[in-house]
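A.B. asks: Provide a 3D model corresponding to the input given below.
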Amino acid sequence: MTRSWAMLALGTCGQTASTTALYGLAYLIPAFQRDLGVSLAGAGLLVSCPIAGILLGLVGWGAVADRYGERLALTAGLFAATAAMAAAAAVAAGDATLLGLLLVAAGAGGSSVNSASGRLVIGWFPPGRRGMAMGVRQASQPVGTAVAAAALPPLADGAGVGAAFGLCAVLCGVTGAAIAVFAVDPPRPGGPGGPVRREQPGGPVPVSVSRGRAVAARPPSPYRRSAGGGHLWRLHAVAAALCVPQFVVTGFALLFLTQERGWSAAAAGTVLAAVNLAGAGVRLLAGWWSDAVGSRVRPMRWLAVATAADLALLAAGAVWPSAAGTAALLAASALTVSTNGLHNTAVAECAGPDWAGRALGVHGTGQHVAIVLVPPLAGALITGFGFAPAFASAALAAVLAVAVLPRADGAARWAGPGAAAPGTEAPGTAPAPLTGGASPSGSGAAGPTARR
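C.D. replies: Numbers count the residues shown, from 1 in each chain. As a prediction, the model looks like this:
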């Protein structure tokens, strides 16, 4: 248990550092305009460069994690981000084009954290504690954003944007070194140690012989329809749809409070910072809830319904000044981030230990496509028609997520450390069910039919 929590701490620190370096650059927009002489549009393009790099690297780092292990993927990716950020610090006051390319490279390297750190957490926790563990890991994202908001602007104001990039390089380098020294890849079914046969929908995985030892062959891709591919694709679609309300609210909450409600920027920023930290707590509660009920899908559905209802109230409240609309906006700031840990956990569990890295890479790619598209589209909608249609569109996206969400958890659940892999039980012993698994019928009963 101590090792599991140590691995969780390492994965969380890596995610926090990556979030600060890659997602926190929006707080440097005034410094970009001042130090680089770029327009607001040019500063926004620089902010989006790491996101473009993340899109390029997610699936590839997932494949590296699946084949060579989480420790190698995380270390190599964070060190690559460190090198790119250090180079960005050196050229910060020079060519904006070169700076943008370096930020793309930093995003491509740092994206290893998105694909591999979640996989590291999943592999070290059994199903009954996995939701809470992933909630802790996902809470690092608002924490990393808070670190960026607190540290990067004053550093850039005092010593220039190069100093801010230097801090990002230090954070990535320190966490990468810690992972290189202390991280341990979780045990995998079918790894060294003897013959392993894993049950698949079509029967047991073929066993090959290597150096006189039986070794289970790599199972087929989970994206095959017979292996639950439809379930995975629906989870990917749900996550992308839920990015719409999340980034409509986070992107325009400050603008709504200052322009429509007359708040000062300082007051709005303080309140939104507190609400974002509350969102981290909501992620933890959602993970605990999913462990308690033995399902990721059921809490996700209720939270998506609550998000849709709250955004509908927000859209109505945006039409006229009302305390209810303001309260709905603050509630949405926490609700819209509540499901992130749940769908990431569900994807990794459905894909299994041999494919989780790639599946999380595909999962993150879909979300980041939405992240890139939502702010400009929502901004155009607000400019042309006001806030109410934008919030209503976000509510519709949450409704779409509820409609697409699978009715039950996948038929497979990745067993945690210490669990015997199916097919390795002693002769004459009944196979152990995977804790918290769901049957294909959605009844929630675990047993031989609920295993892969």
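A.B. asks: So Pro187: helix, strand or coil?
C.D. replies: Secondary structure, DSSP: H, G, I helix; E, B strand; the rest coil: Pro187 is coil.
A.B. asks: Pull up the gap between it and Trp124, please.
C.D. replies: Taking C-beta to C-beta, to the nearest Å as the measure, Pro187 falls 9 Å from Trp124. (C-beta placed from N, C-alpha, C; glycine too.)
A.B. asks: Between these two, which is the more surrounded one?
C.D. replies: Summary of the neighbour comparison: Pro187 and Trp124, criterion other C-beta atoms under 10 Å, with Trp124 having more neighbours (25 against 16).
A.B. asks: Make sure that one is actually in contact with Arg3.
C.D. replies: Yes: between Trp124 and Arg3 a contact is recorded at 7.0 Å, counting by C-beta atoms under 8 Å.
A.B. asks: Show me where the chain dips below the pLDDT cut-off.
C.D. replies: By pLDDT under 70, the weakly predicted segments of the chain are 1, 188-218, 225-229, 410-452.
A.B. asks: Is Pro406 in contact with Leu235, as I believe?
C.D. replies: Yes: applying C-beta under 8 Å as the test, Pro406 and Leu235 come out as touching, 7.1 Å apart.
A.B. asks: Looking at these two, which has the bigger crowd around it?
C.D. replies: Comparing Pro406 with Leu235 by other C-beta under 10 Å, the one with more neighbours is Leu235, at 28 against 21.
A.B. asks: For the longest helix seen in the chain, buried residues please.
C.D. replies: In the chain, assigned by DSSP state H, the helix with the most residues is helix 127-159. With burial defined by 16 or more other C-beta atoms under 10 Å, the residues of helix 127-159 counted as buried are 127, 129-149, 151-153, 155-156.
A.B. asks: list the residues that contact both of Trp124 and Arg3?
C.D. replies: Contact with both Trp124 and Arg3 is made by no residue, according to C-beta atoms under 8 Å, 6 or more residues apart in numbering.
A.B. asks: Does Val337 fall in a helix, a strand, or a coil region?
C.D. replies: coil.
A.B. asks: Contacts only, for the nearest residue to it once chain neighbours are set aside.
C.D. replies: Spatial nearest neighbour of Val337, chain neighbours left out: Gly279 (4.4 Å); criterion: C-beta to C-beta, 6 or more residues apart in numbering. Contact partners of Gly279, counting by C-beta under 8 Å, 6+ apart, are 142, 333-334, 336-338.
A.B. asks: Redo these as a markdown table? Include distance to Gly379.
C.D. replies: Written out in a markdown table, the entries for these read as follows (distance: C-beta to C-beta, whole Å):
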| residue | distance to Gly379 |
| --- | --- |
| Pro142 | 22 |
| Ser333 | 18 |
| Ala334 | 23 |
| Thr336 | 17 |
| Val337 | 20 |
| Ser338 | 24 |
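A.B. asks: Can you name the residues in contact with stretch 367-385?
C.D. replies: Under the contact criterion C-beta under 8 Å, 6+ apart, stretch 367-385 has outside partners 48, 51-52, 54-55, 58, 239-241, 243-244, 247-248, 251-252, 255, 389-390, 393-394.
A.B. asks: so where do the helices sit in the stretch 1-150 of the chain?
C.D. replies: Across the stretch 1-150 of the chain, reading from the start of the chain, the helices by DSSP state H, counting those that start in this stretch fall at 2-23, 29-36, 40-68, 70-91, 96-124, 127-159.
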